[in-house]
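J.: Sequence and predicted structure below; questions after.
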Amino acid sequence: MKQKLFSHLSAAIGAVTHRPFAACAATPAGGGSINQTFRLEGTDGERYFLKLNDAAHLPMFVAEVAGLDALAATNTLRVPQTIAHGIAGEQSYLVLEYLELGLRGDDPLLGAQLAALHRCKGKAFGFSRDNFIGSTPQPNGWRDNWVDFWREHRLGFQLQLAAQKGLGGQLQNLGGKLLDCLPAFFEGYAPQPSLLHGDLWSGNHAFTAHGAPAIFDPAVYYGDRECDIAMTELFGGFPASFHASYRAAWPLHAGYETRRDLYNLYHILNHANLFGGGYVRQAEQMLLQLLVKVERPAPGHH
C-alpha cells in the first residue's frame, strides 16, 4: 500500500482522535465483496478497520457513516465507531474502529438489543438521506404511509431496475400484480417507523471478544421492524435463541409469516439485479406464492 495513502490516513485519523497516529501496515481483512478491507496498524500498535474503493464510491462510505452514527446514537447495539472518510488520490476510504470479532456470543442479548433498537421511532417512514443496499442505490424519501413507501421505494424501485436490465416478462407481470394488492398484507396491522439496520443477514453481525453482539454494514432507514426480522431468516439465518429473545422482548404480529416473504422479496430482487441467474427465478417463485396468499386467504381470515 502506497506511503502516500498511509500519510493521508495517518493525518485524517490524528485530526479526529487528537492523538498522533502513524500507519505502518495494512493487512487484508477479507469479508466484503464490494470494498477492499484491511486491518490498518500504527507504529504504536493501535489498529483501525479500513475500507477502500475507487473515488466514485465515496457516496457509499458517506451513507455508511450516516447509518452507523444513527445506530450508535441509540445506545442499543454495538456498532464500530466511525473515525474518518474521504478521498486520497484516486481512492475513497472509510476508517472505522477496529473490533476483535468472532462468530460466537450472546445470541439472546442480540435479540433483546435489536428489540430495543426497533423501539427507537422516526417521524415517518424513510431516512434523512438515500443510501445503498449492497452496491444498489436505496431511496429513502419520507412517506407517512408504509404501504406507499414499500411499493415506491422498495419493491417498485427494484422492479424498475430489473426492467432497465432487461428482466421483463413474467417478473414484471407478477410484480405489477403484487404492487396492486399490497394493502391486503396489512389488514389489521399498522407498522410503526422503527429504526432498522436494513441489511441484517447473518454476515452483518458478530460478537466482540466479550461475547457482546455487534452489527455493521447497515442500510439504515425507519420502517416496519418485521423487515429486519424477516432478513434474519434469509441467507443462513440466526439461531432460535435469538428469535425467542426478540419475541419475549416484543412479540410479533400474527401476520408476520406472510409478510416475511414480502419483505425478503426485496432482497431477492436486489440479488436478481446484481447477479441475475437463479435469483430471477427465485423472485418469480416468491411473487407467485405471495399472490396465491393474497388471492386465497388462509383459513379463518376474511
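T.: On my side now, so go ahead. Keep in mind it's a predicted model, so treat the numbers as computed, not measured.
J.: List of residues touching the one helix or strand residue 259 maps to?
T.: Using DSSP states H and E, residue 259 maps to helix 256-275. Contacting residues not belonging to helix 256-275 are listed as 133-136, 150, 154-155, 158-159, 161-162, 165, 167, 171, 182, 185-186, 189, 201, 224, 226-227, 229-231, 233-235, 279-280, 282-283, 286-287, 289-290, 293, 298 [CB atoms under 8 Å, 6 or more residues apart in numbering]. To be clear about C-beta, it is placed using only N, CA and C from the backbone, and glycine gets the same treatment.
J.: dump the residue contacts of residue 206.
T.: 99, 101-103, 105, 213-214, 216.
J.: Buried among those residues? Make that a PyMOL selection.
T.: Restricted to buried positions by 16 or more other CB atoms under 10 Å, the PyMOL selection for the contacts of residue 206 reads:
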select buried, resi 99+101+105+213+214+216
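J.: Please flag which of the contacts of residue 206 sit within strands.
T.: 101-102, 213-214 (DSSP state E).
J.: Tabulate these in CSV, adding columns for pLDDT.
T.: Converted to CSV, the ones in strands among the contacts of residue 206 look like this (pLDDT from 0 to 100):
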residue, pLDDT
101, 92
102, 91
213, 97
214, 97
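J.: who's residue 102 bridged to?
T.: residue 207 (DSSP bridges).
J.: low-confidence ranges in the stretch 1-150 of the chain?
T.: 1, 31-32 (pLDDT under 70).
J.: ok, 80 please
T.: For the stretch 1-150 of the chain, residues meeting the criterion pLDDT under 80 lie at 1, 30-33.
J.: Okay, helices next: where are they in it?
T.: In the stretch 1-150 of the chain, the helices defined using DSSP state H, counting those that start in this stretch lie at 3-17, 58-72, 107-118, 146-149.
J.: Give me the residue at the spatial middle of this structure.
T.: Geometric centre of the chain, nearest residue: residue 199, 2.2 Å, by CA atoms, centre = their mean.
J.: and residue 290, what helix or strand is that in?
T.: Counting by DSSP H and E, residue 290 is found in helix 278-295.
J.: do residue 167 as well
T.: Residue-wise, residue 167 maps onto no helix or strand under DSSP H and E.
J.: Excluding chain neighbours, what is closest to it?
T.: Take residue 167 and drop its neighbours on the chain: the residue closest to it by CB to CB, 6 or more residues apart in numbering is residue 280, 6.0 Å away.
J.: pretty sure the one you found contacts residue 171?
T.: Yes - between residue 280 and residue 171 there is a contact under CB atoms under 8 Å: 6.4 Å.
J.: returning to what we had before: so the residue nearest to the centre of the chain, which state does it fall into?
T.: coil (DSSP: H, G, I helix; E, B strand; the rest coil).
J.: For the closest residue to it other than its chain neighbours, grab the count of nearby residues.
T.: Distances taken as CB to CB, 6+ apart put residue 219 closest to residue 199, at 4.1 Å, once the chain neighbours are dropped. The number of residues packed near residue 219 is 23, by other CB atoms under 10 Å.
J.: Surely residue 219 is in contact with residue 198?
T.: Yes - counting by CB under 8 Å, residue 219 touches residue 198, with 3.5 Å between them.
J.: Out of the ones in strands among the contacts of residue 206, which comes closest to residue 64?
T.: Among the ones in strands among the contacts of residue 206, residue 214 lies closest to residue 64 (CB to CB), at 14.9 Å.
J.: who's in contact with the closest one?
T.: Residue 214 touches 77-80, 99, 101, 205-208, counting by CB under 8 Å, 6+ apart.
J.: what about the closest residue to it other than its chain neighbours, distance to residue 18?
T.: In space, and not counting its chain neighbours, residue 214 is closest to residue 78: 4.3 Å by CB to CB, 6+ apart. Separation of residue 78 from residue 18 (CB to CB, to the nearest Å): 23 Å.
J.: And for residue 230?
T.: Counting by CB to CB - residue 230 and residue 18 are separated by 42 Å.
J.: between the two, which one's more packed in?
T.: Using other CB under 10 Å, the more surrounded residue of residue 230 and residue 18 is residue 230, with 22 against 6.
J.: who's in contact with that one?
T.: Residue 230 neighbours (CB under 8 Å, 6+ apart): 256, 259-261, 263-264.
J.: The helix holding residue 290 vs helix 256-275, what angle?
T.: 150 degrees (axes from the mean of the first three to the mean of the last three CA atoms, to 10 degrees).
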